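Asks: Can you look at this prediction? I've put the sequence above it.
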Amino acid sequence: MELNETNKLNDKKKKNRLCGKLIYSIRDLFMLTYVNSLLPIHNNILLVHINLPFHIGLKNLIKNQLYFLLIYEKDIIGHVNHFVLLDFFIYFYNFLKFPDIKNSNDCNTITKKVSDPSEFTFKDILNISENSKDFKIFDSNSKCIEVFDHFLNFNDEHIYINDKTKSMISSAIKKKDIIYYILMNLKGKYSELNLSINDCIKKNTTTAYDNSSLINVLIKMQKKKLYFIPIVKKDTKKYIDYFSANDFLALYCKSISEKWNINPDKEVTYFISLLRTKEKEMKEKQNNIPYSYSDLLNKNDLNISKSVLNFSENNEMIKYNKELTIKESLKKLFFSKINALIVLNESNNVKGFLTFRSLFNHLMHS
């Protein structure tokens with residue numbers, strides 16, 4: 001018994017040394033380089049004018065697979081504001097006869113619809129937004145390590161880069177850019193990348209039941225500041241699929257452009273079924289070309305019946321496996337649309353999330 005405990009302790013010490021070596025290797029990678037080395041080929045920026053109709057801006061978000069944009073006014077692009085998807089939820093509560101959760105916990109408190117939603121601009125959104133001025137800007141001469149540390153210490157999914165020569169925000173860096181830089185530069189140099197992600201999974205995750213209404217799911221996402229939420233069966237707690245902010249963007253744009261009737265009291269699984277059925281149709285028609293939400297905006301067919309729910313075939317879901325390595329999980333995170341991996345146990349229950357932050361925070365403190 002004592003020998004087994006000693007072996008376990010030695011294994012833990014060995015793993016801690018490996019984790020420490022890996023994280024310092026990554027920190028060394030970022031220590032002497034500047035943020036320009038992290039920037040992708042494109043600048044990750046979507047600019048819209050403050051008077052642009054709101055739903056048109058949302059369509060551009062979908063087409064560019066982004067979840068944030070910058071707003072400028074007049075002719076001075078340097079004077080910008082900031083919009084993220086959580087602002088969109090606040091807009092929805094205030095203008096589309098949905099529950100007003102900002103000032104009341106009563107889900108029966110309904111706000112008055114003041115106008116046609118297609119007429120709203122980003123200026124209207126900024127008047128009610130709680131998040132629009134909460135964003136981080138780094139100078140173009142900042143060190144990469146500063147950006148890396150920021151992502152570890154805050155929940156931000158992206159930061160902005162300010163070009164001093166032009167006195168304006170010139171680009172953005174997402175967590176995926178960090179992941180790409182790590183994978184491309186470390187490659188096979190460090191065997192520590194083959195460490196297991198066993199202790200890196202973020203527990204205590206928020207889920208929603210399959211019989212939850214769309215509005216209740218949106219309320220939960222806004223309160224918890226979530227960009228996605230796993231949907232589980234109420235009786236068995238088994239994972240079905242996830243519902244994301246981008247899923248809702250696609251539904252909303254359809255409601256504006258093609259008058260889809262999005263009943264907020266209808267079960268969220270109905271809308272998931274609708275979206276995934278469309279996704280399947282697009283894949284079949286395009287010979288497995290990667291699906292884009294922009295395809296939804298070009299379709300005019302809502303005659304889809306609710307099918308049996310079986311949505312577990314998506315890249316954002318992984319079965320728990322002690323042998324899954326840091327390198328493999330980073331690759332999966334890079335291609336994930338929701339910037340996280342939903343980890344399931346053998347019984348298909350949600351075990352937790354694997355995110356950039358949970359992964360590297362564990363390595364930093366091992």
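Replies: Happy to help now that I have it.
Asks: Only C-alpha atoms from now on, for both contacts and neighbour counts.
Replies: Will do.
Asks: just the helices in the chain please.
Replies: Counting by DSSP state H, one finds helices in the chain at the ranges 2-31, 54-63, 85-95, 122-128, 144-153, 175-186, 214-224, 245-257, 268-285, 326-335, 356-364.
Asks: would JSON lines of these with distance to residue 319, mean neighbour count and mean pLDDT be doable?
Replies: Compiled in JSON lines, the helices of the chain are given as follows (distance: least, Cα to Cα, whole Å; neighbours: other Cα atoms under 10 Å; pLDDT from 0 to 100):
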{"stretch": "helix 2-31", "distance to residue 319": "23", "mean neighbour count": "14", "mean pLDDT": "66"}
{"stretch": "helix 54-63", "distance to residue 319": "28", "mean neighbour count": "19", "mean pLDDT": "76"}
{"stretch": "helix 85-95", "distance to residue 319": "28", "mean neighbour count": "20", "mean pLDDT": "60"}
{"stretch": "helix 122-128", "distance to residue 319": "40", "mean neighbour count": "16", "mean pLDDT": "71"}
{"stretch": "helix 144-153", "distance to residue 319": "25", "mean neighbour count": "17", "mean pLDDT": "88"}
{"stretch": "helix 175-186", "distance to residue 319": "21", "mean neighbour count": "17", "mean pLDDT": "83"}
{"stretch": "helix 214-224", "distance to residue 319": "24", "mean neighbour count": "18", "mean pLDDT": "84"}
{"stretch": "helix 245-257", "distance to residue 319": "23", "mean neighbour count": "19", "mean pLDDT": "77"}
{"stretch": "helix 268-285", "distance to residue 319": "21", "mean neighbour count": "18", "mean pLDDT": "78"}
{"stretch": "helix 326-335", "distance to residue 319": "12", "mean neighbour count": "19", "mean pLDDT": "84"}
{"stretch": "helix 356-364", "distance to residue 319": "17", "mean neighbour count": "19", "mean pLDDT": "80"}
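Asks: Would you mind giving the ones you listed as TSV with distance to residue 205 added?
Replies: Supplementary listing: those in TSV, determined by distance: least, Cα to Cα, whole Å:
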stretch	distance to residue 205
helix 2-31	25
helix 54-63	26
helix 85-95	19
helix 122-128	29
helix 144-153	19
helix 175-186	20
helix 214-224	10
helix 245-257	17
helix 268-285	19
helix 326-335	17
helix 356-364	12
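Asks: Quick one: closest of these to residue 71.
Replies: Each of these has some distance to residue 71 by Cα to Cα; the shortest is helix 122-128, at 7.7 Å.
Asks: right, so of the helices of the chain, which gets closest to residue 239?
Replies: Shortest distance between residue 239 and those, using Cα to Cα, is found for helix 268-285: 12.1 Å.
Asks: before we move on, back to that, among the helices of the chain, which is nearest residue 45?
Replies: With distances scored as Cα to Cα, the stretch of those nearest to residue 45 is helix 54-63 (10.3 Å).
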